[in-house]
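Participant: Here is the input, now give the coordinates:
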Amino acid sequence: MFHFHKTLLAFAALSLMSCAQLIPPQTLQENPLGIDNAAIQMGNGGTIDYTAPAFGDFVPQGAAPDEVEVSIVISKITVNASCLTLPDTFTVTLKDMRVKVWDRQDTFALKATERGTTENPITGTVSARVLRPELAVYAYRLPAPKTIRLVFDRQLYNLVTSGGDNLARLTGVMEVSDAKLLGCRVGALVDSNSVTLRKFN
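Facilitator: Next comes the predicted model:
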């Protein structure tokens, strides 16, 4: 037996699904993770561990994405301004970079973890240092900006659109070539970050 209303509802659902699949990738560029200009310092053993200030939820806009890509652009490596043995140039490698995101009010909630990475690790020789007094560091410039990209599933989208304020934590390893920097605090300066939503349904 033909059920007009059920058929109409099924057709509407299929139409909405088809429309969602046609939505182009959407990029949030206004510092969505709150880490622009963050100076991420290297700790003992070359480890990097930085938790950004809390950021609020985003307002969900219709269809939800199945894939979320986080991009972090770095073009400068920092050395503390009080370092007494500043080299003119040195080589640095950032590797094993990871981003974890979770709801601030629920430390036991599942964290969003990436399922793939590209352009990670990044390496380059830095030079042309410039004093950044507001950060108490010298900033060395990489030959070209480097982008760390990390791909997440929908769990990240669910976390940042519900549950209140969120926290983002960056971890990784930094290797520095110049022995003159032993005892100095080396880090990376985040130029910008963005979040791209894609594969809507």
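Participant: pretty sure residue 25 is touching residue 198, no?
Facilitator: Yes. Look at residue 25 against residue 198 with CB atoms under 8 Å: they come within range, at 4.1 Å. Heads up, the C-betas are built off the backbone N, CA and C, glycines and all.
Participant: Neighbour count: the two, which is higher?
Facilitator: residue 198 (15 against 12; other CB atoms under 10 Å).
Participant: The more buried one contacts residue 64, doesn't it?
Facilitator: No. Assessed by CB under 8 Å, residue 198 is found out of contact with residue 64, at 11.2 Å.
Participant: From what I see, residue 87 and residue 179 are in contact.
Facilitator: No. Taking contacts as CB under 8 Å, residue 87 lies outside contact range of residue 179: 9.3 Å.
Participant: Between the two, which is the more surrounded one?
Facilitator: Using other CB under 10 Å as the criterion, residue 87 and residue 179 rank with residue 87 on top: 18 against 9.
Participant: Now name the helix or strand holding the more buried one.
Facilitator: Using DSSP states H and E, residue 87 maps to neither a helix nor a strand.
Participant: Give me the phi and psi for it.
Facilitator: Reported as degrees, to the nearest 10, the phi and psi values for residue 87 are phi -80, psi 160.
Participant: Now do the contacts for it.
Facilitator: For residue 87, the contact set (CB atoms under 8 Å, 6 or more residues apart in numbering) comprises 178, 180, 181.
Participant: For burial, what's the neighbour tally of residue 56?
Facilitator: Quick note: residue 56 (other CB under 10 Å) scores 11 neighbours.
Participant: what do you get for residue 101?
Facilitator: Count around residue 101 with other CB under 10 Å applied: 22.
Participant: element containing it, please.
Facilitator: Per DSSP H and E: strand 90-103 holds residue 101.
Participant: Not counting stretch 50-61 itself, show me its contacts.
Facilitator: By CB under 8 Å, 6+ apart, stretch 50-61 touches 26, 28, 32-35, 38, 40-41, 104, 160-171.
Participant: Check those for burial and list the buried ones.
Facilitator: If you count burial by 16 or more other CB atoms under 10 Å, the buried members of the contacts of stretch 50-61 come out as 32, 33, 35, 38, 40, 41, 160, 166, 167, 168, 170.
Participant: Go through the residues you listed and flag which are in helices.
Facilitator: With helices taken from DSSP state H, the overlap with those comprises residue 160.
Participant: what's the farthest-apart pair in the buried ones among the contacts of stretch 50-61?
Facilitator: Using CB to CB, the pair of these lying farthest apart is 41 and 160, separated by 25.6 Å.
Participant: Quickly name whichever of the contacts of residue 87 is closest to residue 77.
Facilitator: residue 181 (10.2 Å).
Participant: what about the closest one, how many neighbours?
Facilitator: By other CB under 10 Å, neighbour count at residue 181 equals 19.
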